[in-house]
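S.K.: I need the structure of the sequence given here:
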Amino acid sequence: MNRPSSSLSRSARHRPGFHALVLAIGFLVGGLITHISRRFLPPGAVKEFLTTGLSGSVGPVSIDLIMIKFSLGPVAVDISLLSLLGVLIAYLIARSLF
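M.R.: Prediction:
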């Protein structure tokens, strides 16, 4: 039986790792766009709108395993409109390639 391919069946064949990779690459590209915009856009309403983000952080987290003791963090996330644009760009590129 031949089934017509739909967008749902095309995206369902990719593993969650693929989607996590696309999401991570998208946030990296969006973070780069945000950083460049914060640096080079002239002060004004457009710069404030595009580069204002929500920030969250976790940590530091200490782990003591008797013989080994280490700390992780703090880990911070800064999400802006341009970082979401980077995720959209990465998604569209990945969808067109695969």
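
S.K.: What are the boundaries of the strands in this protein?
M.R.: For the chain, the strands defined by DSSP state E cover 53-58, 61-64, 69-72, 75-80.

S.K.: These: which one's closest to residue 19?
M.R.: Ranking the strands of the chain by proximity to residue 19 (C-beta to C-beta) places strand 75-80 first, at 17.5 Å. In short, each C-beta sits where N, CA and C put it, glycine included.

S.K.: who does the closest one touch, helix- and strand-wise?
M.R.: Applying 3 or more C-beta pairs under 8 Å, 6 or more residues apart in numbering; DSSP states H and E, one finds that strand 75-80 makes contact with helix 16-40, strand 53-58.

S.K.: Most tightly packed of the ones you listed?
M.R.: Burial of the helices and strands packed on strand 75-80 is given as mean neighbour count (mean count of other C-beta atoms under 10 Å); helix 16-40 ranks first at a mean of 15.
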